[in-house]
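[1] Sequence and predicted model, in that order:
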Amino acid sequence: MVQLRKETDFKSPGDLIVSDKIFETLDREFMSHIGVKQGEASFKPQRLGRECDIYLSSRASIETISHPCSSRRAGRPQKDFESCSTKTKRQTIQHILETSSQEEISMADEVQLRREGKRDSAAIVKEFCDFSPKRGTTIRKARKRFSNPKQSSLSEDQASSIDGRRKFVNTSI
């Protein structure tokens, strides 16, 4: 917050010069109102004090001078959780893992999936978490078995003989 010195605090002309640090804190409207130029020493202490007092008393809030923008955090903006890498996601959820139990996390996940209308996914989450630890392994193996159909390992001769039999059966009918 900008604080003004009393008029009697100015002891030398050097005190009248607006320093670079103070100059940066003043907003443009304030500087144009009192006519401050960087390094200018022409103000008498009483006049500078009066001008500052008049200006600041006419302002509704002094907060706008000291905190021009407090709604945003400084630095790089946050990415959405979905667009982060796996490493960043692990670091982000570390606090949740330390403070919440596995049951709480799975229940929250199940409830959220139901809210989104994903009942089947919620049922799978419940099945993973409520049954024995081996249940997840069993489901994963079954899923892998159905997602990768077995490819036959027939030799070329066997494949051609089967193909020849098909042609023979089709022509004889």
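    Cool, the structure landed.
[2] Could you count how many residues lie near Phe128?
    Phe128 has 16 neighbours, counted by other Cβ atoms under 10 Å. For every residue, glycine as well, the C-beta is placed using N, CA and C.
[3] can I assume it is in contact with Arg135?
    Yes. In terms of Cβ atoms under 8 Å, Phe128 counts as a neighbour of Arg135; the distance is 6.7 Å.
[4] what's the overlap in contacts for these two?
    Common neighbours of Phe128 and Arg135, using Cβ atoms under 8 Å, 6 or more residues apart in numbering, do not exist here.
[5] Provide a list of residue ranges in this protein with pLDDT below threshold.
    Residue ranges of the chain with pLDDT under 70: 1-45, 57-72, 133, 149-173.
[6] Walk me through the domains of this protein.
    As assigned by the TED database, the chain contains the domains 13-63, 86-145.
[7] How about the backbone phi and psi for the nearest residue to Gln102 once chain neighbours are set aside?
    Leaving aside its chain neighbours, Gln102 sits nearest to Cys129 (7.1 Å; criterion: Cβ to Cβ, 6 or more residues apart in numbering). When read as degrees, to the nearest 10, the backbone of Cys129 gives phi -90, psi -30.
[8] For Cys129, which residues are in contact?
    Cys129 touches 102-103, 106, 110, counting by Cβ under 8 Å, 6+ apart.
[9] Next, format those as JSON lines and append secondary structure.
    Output for the contacts of Cys129, formatted as JSON lines (DSSP: H, G, I helix; E, B strand; the rest coil):
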{"residue": "Gln102", "secondary structure": "helix"}
{"residue": "Glu103", "secondary structure": "helix"}
{"residue": "Ser106", "secondary structure": "helix"}
{"residue": "Glu110", "secondary structure": "helix"}
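[10] so the nearest residue to Ser121 once chain neighbours are set aside is in which element?
    Excluding the flanking residues, the one nearest Ser121 by Cβ to Cβ, 6+ apart is Leu113, at 4.8 Å. Using DSSP states H and E, Leu113 sits in helix 102-115.
[11] tell me what that helix is packed against?
    On a contact count with 3 or more Cβ pairs under 8 Å, 6 or more residues apart in numbering; DSSP states H and E, helix 102-115 meets helix 119-130.
[12] The helix it packs on: what's the following helix or strand?
    Per DSSP H and E, the first helix or strand lying C-terminal to helix 119-130 is helix 133-147.
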